[in-house]
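Chemist: Here is my input, please return the structure:
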Amino acid sequence: MVKPPPKPGTNKKVNTIQQIDLGDPQYNSDGQGHHPKGPDWVRQPEEPYLHSLTTIFNHGNLLGHPVNIINALPAGYTVFMRVEYTSTSEQDPAFRMAYVFGHPSGGTFDSMRSFSRHVLGIIQDNVGVCNCRLCSGIGGGGAVQGRGLLPSAAPAAFGSA
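Modeler: Next comes the predicted model:
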């Protein structure tokens, strides 16, 4: 006797991937559009950072289902890379570090992992009460100003999560 094919939706678990455009007005971003000052800051394209957020959200199963973060960071947030050169070489940077700017506190996120906690708060409409280090006041804010870091900030490499 041949078994009939399963009825749709009864035996198969279908993982649909939720497309999340953080720039969409449905996400109540608190981004303030803060930008760094000085010639050693270069604005970065968002695409690689959206991919990093997608990886972090899916690896940590932060929303309980797969997501693909597309198009834009939350409104008012931008990524800038700080580039410094040694006095002996103006071609090869001695220092590169990327930061997410825009948090209402004026602080910056020095990794996509730390920013992901705030993004989760934005997605869940818990802006300002999320458990990121800037909203909770942990870590001295990690603020970067002008050309130098505030004394309390000692950021890790941006890509290291």
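
Chemist: where in the protein is pLDDT low?
Modeler: 1-14, 85-95, 138-161 (pLDDT under 70).

Chemist: Give me the packing partners of whichever strand or helix holds Ser114, helices and strands only.
Modeler: Element membership for Ser114 (DSSP states H and E) is helix 112-123. Here helix 112-123 touches helix 47-59, helix 133-136, going by 3 or more CB pairs under 8 Å, 6 or more residues apart in numbering; DSSP states H and E. From N, CA and C alone the C-beta is placed, and that goes for glycine too.

Chemist: Make JSON lines from these and add distance to His65 to it.
Modeler: Putting the helices and strands packed on helix 112-123 into JSON lines (distance: least, CB to CB, whole Å) gives the following:
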{"stretch": "helix 47-59", "distance to His65": "9"}
{"stretch": "helix 133-136", "distance to His65": "25"}
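
Chemist: Of those, which is nearest Ala75?
Modeler: Among the helices and strands packed on helix 112-123, the nearest to Ala75 by CB to CB is helix 47-59 (14.0 Å).

Chemist: Name the residues of that closest one that are buried.
Modeler: 49-50, 52-54, 56-58 (16 or more other CB atoms under 10 Å).

Chemist: all strands of this protein, in order?
Modeler: Taking DSSP state E as the test, the strands found in the chain are 18-20, 41-43, 67-69, 78-85, 93-101, 144-145, 148-149.

Chemist: In its sheet, which strands sit next to the fourth one, and in what direction?
Modeler: If you go by DSSP bridges, strand 78-85 pairs up with strand 41-43 (antiparallel), strand 93-101 (antiparallel).

Chemist: any idea which of the ones you listed is most buried?
Modeler: Of all the strands paired with strand 78-85, strand 93-101 has the most neighbours on average by mean count of other CB atoms under 10 Å, namely a mean of 18.

Chemist: what's the distance between the nearest residue to Gly76 once chain neighbours are set aside and Ser114?
Modeler: Distances taken as CB to CB, 6 or more residues apart in numbering put Gly31 closest to Gly76, at 2.0 Å, once the chain neighbours are dropped. Separation of Gly31 from Ser114 (CB to CB, to the nearest Å): 15 Å.
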